[in-house]
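Engineer: How does the following fold in three dimensions:
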Amino acid sequence: MSLIKKTPEKFKEVTLSDYEKMKDIERTLHICDVLERNRYTLSTAPISNKDQSHLRGKNMRILWFAVAEHQDQNHWYGNVSFRIKLRDILSNFPHKKMYFLEVIERISSIQSRILITSKRLESVQPAIPFDIKSLGFPIHQDSLGNFYHLNKIRDEKSHHILEILIDIDDDNEAGYIFQMSRRSAVDHSMANSGEFCACYKYNTRQETCPHPHPKEETTRIISTLLPGYLTISSDSTAPMNKLGQHIFRSSKRPDNRSPSNMAARKKKARIVTSRDLHL
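Structural biologist: Numbering: from 1, shown residues only. Coordinates of the predicted model:
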C-alpha cells in the first residue's frame, strides 16, 4: 500500500460542494478491544510507527475519532461505535485547540488528520492552526455553527477520509468523553471481504478479522456479556438507559474527580474476556 505523508496546507480549488454536513464523530472498536480494555472509559494509546504520523515519539495519549458512518453500512474500524458531537468536545474542553496535523495520500484515498490538544503549538509542529470558517481545510463551520467535513479533493477518485485525534490530559477526560458518548453496535460483516475500507485494523496488517459480524450479532454478544453497555440512540449526545432517561448531561463541566458512578459500575461488572465470545 503506497502512501505519501505530507505536512498540512490549505487544499486549493475547494468549494462548499466538496463538503458534507457532519452530524457526529465516532470512535469504533472491535468486540475484543471493548472486552479486554477498561470498559467504562475510552482507552488511549500513544502514537506508534504503524500510525504513520508526525506525532510519533511525542508524549501524547490519543483517542482516535472519525466522521460517523451510516449505521447500516459496513464500518471500517470495528463493531461498537462511540458517537459524540464535535461541538460538545470543543465546548466542554475549551482549553484545547484544534490544529491541522497532516495529510496521508494513498492510492485511492486521502486522509487528513485534525489534532485537538491543550499542548502549545511548538510541541505539536508541523501541525498548524487554521480558520475553521475558511474553505480549503478538512473541517468547515458555517455562520450558523454547523460543521462540515471535506468529502472529496480534486476529483471523485480521491476519496477523502477525516481522522480526529483528541490528545487526553488525564483519565478523567477519557471517562467524561465515554459518559457523553452514545454506544451502539454497527455492521462489520464485510470485514473479510477484501473490499476497500472493509477492516482497517486487520486488513491493513493482511490478517483475518476475528469479528466480521452484522450489528445484530454484535448487539447479542455485547448485551450478553455487558448488560446495559449499549445505549439507546437519540439526537442527544448523552447516554440513555433502557427507559429512555438521560444518565448524564453533556453540558455539565468535567469534574476533577473520577466520573460519577464509574466505580460502582466497575464493581458490578462481570469480568469477561474475548474467550467468552462463543456465547
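Engineer: pLDDT score assigned to the most centrally placed residue in the chain?
Structural biologist: Most central in the chain under CA atoms, centre = their mean is Phe65, positioned 1.9 Å from the mean C-alpha point. Per-residue confidence (pLDDT) for Phe65: 95.
Engineer: Tell me if it really is in a strand.
Structural biologist: Yes - counting by DSSP: H, G, I helix; E, B strand; the rest coil, Phe65 is found in a strand.
Engineer: Test my guess that it contacts Ile166.
Structural biologist: Yes - when contacts are counted by CB atoms under 8 Å, Phe65 is listed as touching Ile166 (6.5 Å). To be clear about C-beta, it is placed using only N, CA and C from the backbone, and glycine gets the same treatment.
Engineer: can I assume Arg87 is in contact with Asn146?
Structural biologist: No - in this structure Arg87 lies outside contact range of Asn146 using CB under 8 Å: 9.3 Å.
Engineer: More neighbours: which of those two?
Structural biologist: Between Arg87 and Asn146, counted using other CB atoms under 10 Å, Arg87 has the larger neighbour count: 15 against 12.
Engineer: Mind listing what's buried along the strand or helix carrying that one?
Structural biologist: For Arg87, the element it lies in under DSSP states H and E is helix 86-92. Across helix 86-92, burial judged by 16 or more other CB atoms under 10 Å covers 86, 88-90, 92.
Engineer: Show me where the stretch 151-279 of the chain has its helices.
Structural biologist: 171-180, 200-203, 215-225, 262-268 (DSSP state H, counting those that start in this stretch).
Engineer: For Asp51, which of those is the nearest?
Structural biologist: Closest approach to Asp51 among the helices of the stretch 151-279 of the chain is made by helix 200-203 (11.4 Å; CB to CB).
Engineer: What is that closest one packed up against?
Structural biologist: On a contact count with 3 or more CB pairs under 8 Å, 6 or more residues apart in numbering; DSSP states H and E, helix 200-203 meets no helix or strand.
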